[in-house]
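Asks: turn this into a model:
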Amino acid sequence: MKNLLLQLHVCAIYFAVLFCGAGATNVAAVQPHPNVLFIAVDDLRPSIGCYGDPHAITPNIDRLAERGVRFEQAHCQVAVCNPSRASLMTGLRPDKLGVWTLPIHFREAMPSAVTLPQWFRQFGYTAVSHGKIYHNPTPDPQSWSERIRTLSGMKSGYPEGTQGHIREVQQALPQSDWRKNNLRGPSTAAPDVDDNKLVDGARTDMAIEDLRRLGKGDTPFFLAMGYIRPHLAWIAPKKYWDLHDPATLPVVTNETVTANTPPYALSNSYEMTHYVDLVDFPKPWDEQRVADERARHLMHAYYACVTYIDAQLGRLLNALDEEGLAENTIVVLWSDHGWKLGEFNGWGKMTNYEIDTRVPLIISAPGLQTAGERSSELAELLDLYPTLCDLAGIDTPDFVDGTSLVPNLKDVDVHVNDAAFSQYYRNFEGREYMGYAIRTNDYRLVEWRNFSTGEVTARELFDHQSDHLESVNLDDSVPQELVDRLTAQLLKTHPRKALTMTPPVHSNPNQPRLRADISFLNKSETTVMVYPITPKGRRGRVKNLDPGEAVTIKARIGGVYVVESKDGTIHQIHSPSVPSRMVVLE
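Replies: Down below sits the predicted model:
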């Protein structure tokens, strides 16, 4: 007990020294651990007013920027949802964690990983989550103090008859087309509904309820709110569409693929083709281009969704003010990656280029003397883990790979990172590659390697002193000394080595004919989820067991099952054996 009190006292002194200069309000002396409001926005590029976009209508994000520091050169570690979020939330670089693609849950890659909210819980925080923080549909219940609340009865936003239209288009597709059984609705919609009739508005209602409840508690809170939009489909209430004049939006239809780059460097815009109205969407290198009218409509949809999310964020900030919590709450806003809206003649994310790795990042904290300023220094999403630990006055774990941005929050011109690193996995024509990008103040170097050997297959080099659009690959026309220097810097954190896609937790049915039942009996007081794990490490269809329920699975030797409770108290890995096993969950 004495050690705990001493630790709290030291944390209080640290936080007070960190932010309280002459004339500053010493919030830390009242409560040493501030609250954390942790806001994620999916697919949000810096098309925001405070980032200089004159077409954006984002008064509430702009208001948050006035309360904090906005980072102009923040970069994600992987420009796609799952690995980006897994890296940020565990504090580990993707190669250390072993998560590079969408299907693999980080718990199969590293079951012992300690997430950011898990770490905060060890210091007395109550951690609560809403929406998309991890990649859905596996939200990692171990991270949270309370079971994630379900949300049902939401409107899709689509007009009547949409399902019939989808079936008609599916019937016309070739028999071999993967969308025959996996085609989504239209890419856009503008329903005339209230904000909370769509999922992001309804989730905001729930987050506000929890903010008010947790703010009255005896422990600090870590409240996470993850917004889906502006991820496709671009659906927002009609009133947000009406705020934008599509004729004034900066439609890009004349871009080209950067010359002298490897064919696997650019994504093929396939994400767009998941939607019923975009099944014929062209690839960046196709002769066919996106028509101006279609591009303008899609641009309109994206901006409308950003404004819709901005309004929800405004409601959160208003609740924070109304409850008197703003002066003792850290607020962080981040996106998991950027997004192309016609750049490189492409749409979507999934590259190592600046347009996809650069993200908005805004951090506000109690007593912040640099509120309203911007930092042009390099930052990584990995840096959020140690930064929030420092701001909260708790220990920073020794396993994190990021660097605290607190010195930059105290002085926006302080140099914290020499570079920001990103990477992207590509399967191209049956061959696997991993591209690694290093972004310095002046250059972006991308080194592509054979995934299974680490052998270098191609390079790209872009000079950001003169070409922020990365339209000219200079790899063959610059001094070798420059390439060598950047390469050496890259290799310090990302050495060339063979990589393996299959995570440590995976089924290995090396005796497919030898079967053995495995039974699970839930004697706990919470619902338990049982996931079969495939040979590639992916989670199969979940079986939910309520308290007192049991299930017997006809399995085979070498199979693996992950068991998680919805309250986060149980996380186990089991395999069938001979004789058959009964696993009792308590």
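Asks: that's a strand at Trp334, yeah?
Replies: Yes - with the criterion set as DSSP: H, G, I helix; E, B strand; the rest coil, the secondary structure at Trp334 is a strand.
Asks: go ahead and confirm it touches Asp42.
Replies: No - the criterion here is C-beta atoms under 8 Å, and Trp334 misses it with Asp42 at 10.6 Å. Glycine gets a C-beta too; all of them are placed from N, C-alpha and C.
Asks: in the protein, which helix has the most residues?
Replies: As far as residue count goes, and with DSSP state H defining each element, the longest helix of the chain is helix 292-322.
Asks: in the stretch 251-400 of the chain, what residue spans correspond to helices?
Replies: Remark: helices of the stretch 251-400 of the chain, listed N- to C-terminal, are 292-322, 354-357, 384-392; assignment by DSSP state H, counting those that start in this stretch.
Asks: please identify which of those helices is closest to Gln163.
Replies: Checking those against Gln163 by C-beta to C-beta gives helix 292-322 as the closest, at 20.6 Å.
Asks: buried ones in the closest one?
Replies: Of the residues in helix 292-322, those scored as buried under the neighbour-count criterion (16 or more other C-beta atoms under 10 Å) are 294-317, 319-320.
Asks: repeat for stretch 108-120
Replies: Within stretch 108-120, the residues that qualify as buried are Glu108, Ala109, Met110, Pro111, Ala113, Val114, Thr115, Leu116, Pro117, Gln118, Trp119, Phe120, counting by 16+ other C-beta under 10 Å.
Asks: so what touches it?
Replies: The set of residues external to stretch 108-120 that reach it, using C-beta atoms under 8 Å, 6 or more residues apart in numbering, is 36, 86, 88-92, 97-99, 106-107, 125, 127, 129, 140, 142-144, 222, 224, 384-385, 388-389, 392, 394, 397, 399, 503-506, 533, 537, 539, 562, 571, 573.
Asks: what about 7 Å?
Replies: 89-91, 97-99, 106, 127, 140, 142-144, 222, 224, 385, 388, 397, 503-506, 533, 537, 573 (C-beta atoms under 7 Å, 6 or more residues apart in numbering).
Asks: now, of those, which are buried?
Replies: Among the contacts of stretch 108-120, the ones that count as buried by 16+ other C-beta under 10 Å are 89-91, 97-99, 106, 127, 140, 142-144, 222, 224, 385, 388, 503, 505-506, 533, 537.
Asks: related to what we said a few turns ago, let's have the helices of the stretch 251-400 of the chain in JSON lines, adding distance to Ile61.
Replies: Conversion of those to JSON lines gives the following (distance: least, C-beta to C-beta, whole Å):
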{"stretch": "helix 292-322", "distance to Ile61": "5"}
{"stretch": "helix 354-357", "distance to Ile61": "19"}
{"stretch": "helix 384-392", "distance to Ile61": "17"}
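Asks: can you list the weak-confidence ranges in the stretch 101-250 of the chain?
Replies: Of all residues in the stretch 101-250 of the chain, those with pLDDT under 70 make up the ranges 137-138.
Asks: same question, the chain
Replies: 1-31, 137-138, 511-512.
Asks: ranges for the helices of it?
Replies: Under DSSP H, the chain gives helices at 2-19, 59-67, 81-90, 94-97, 106-109, 116-121, 162-172, 199-215, 238-242, 292-322, 354-357, 384-392, 406-410, 480-493.
Asks: put the alpha carbons of the last one into PDB.
Replies: Right, the one you point to is helix 480-493. Output in PDB follows, covering the C-alpha atoms of helix 480-493 (Å, rounded to 0.1, in the frame of the first residue of the first chain):
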ATOM      1  CA  GLN A 480      24.200   7.000 -54.300                       C
ATOM      2  CA  GLU A 481      25.300   8.500 -51.000                       C
ATOM      3  CA  LEU A 482      21.800   9.800 -50.300                       C
ATOM      4  CA  VAL A 483      20.200   6.400 -51.100                       C
ATOM      5  CA  ASP A 484      22.800   4.600 -48.900                       C
ATOM      6  CA  ARG A 485      22.200   7.000 -46.000                       C
ATOM      7  CA  LEU A 486      18.400   6.600 -46.100                       C
ATOM      8  CA  THR A 487      18.700   2.900 -46.500                       C
ATOM      9  CA  ALA A 488      21.000   2.600 -43.500                       C
ATOM     10  CA  GLN A 489      18.500   4.600 -41.400                       C
ATOM     11  CA  LEU A 490      15.600   2.300 -42.600                       C
ATOM     12  CA  LEU A 491      17.600  -0.900 -41.800                       C
ATOM     13  CA  LYS A 492      18.100   0.200 -38.100                       C
ATOM     14  CA  THR A 493      14.400  -0.400 -37.400                       C
END
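Asks: starting at the chain centroid, how far to the longest helix of the chain?
Replies: Averaging C-alpha positions (C-alpha atoms, centre = their mean, to the nearest Å) puts helix 292-322 18 Å from its chain's average.
Asks: for it, packing partners?
Replies: Helix 292-322 makes packing contacts with strand 35-41, helix 59-67, strand 188-189, helix 199-215, strand 221-227, strand 234-235, helix 238-242 when contacts are defined by 3 or more C-beta pairs under 7 Å, 6 or more residues apart in numbering; DSSP states H and E.
Asks: got the buried residues for the last one?
Replies: Going by neighbour count (16+ other C-beta under 10 Å), the buried part of helix 238-242 is Lys239, Tyr240, Trp241.
Asks: could you give the angle of the longest helix of the chain to strand 221-227?
Replies: Orientation check (axes from the mean of the first three to the mean of the last three C-alpha atoms, to 10 degrees): helix 292-322 against strand 221-227 gives 160 degrees.
Asks: the chain should start at 29 in everything you say after this.
Replies: Sure, I'll start counting at 29 from here, so that last one is helix 320-350.
Asks: and the angle for helix 320-350 with helix 227-243?
Replies: Counting by the same axes, to 10 degrees, helix 320-350 lies at 10 degrees to helix 227-243.
Asks: tilt between helix 320-350 and strand 63-69?
Replies: Comparing the axes of helix 320-350 and strand 63-69 via the same axes, to 10 degrees yields an angle of 170 degrees.
Asks: follow-up on the earlier one: ok, the buried residues of stretch 136-148 vs Glu283, which is closest?
Replies: Proximity of those to Glu283, judged by C-beta to C-beta, is greatest for Ala137, which lies at 35.7 Å.
Asks: distance check, that closest one against Gly565.
Replies: Applying C-beta to C-beta, to the nearest Å, one obtains 8 Å for the distance of Ala137 from Gly565.
Asks: quick check: neighbours shared by these two?
Replies: By C-beta under 7 Å, 6+ apart, Ala137 and Gly565 have these common neighbours: Pro531.
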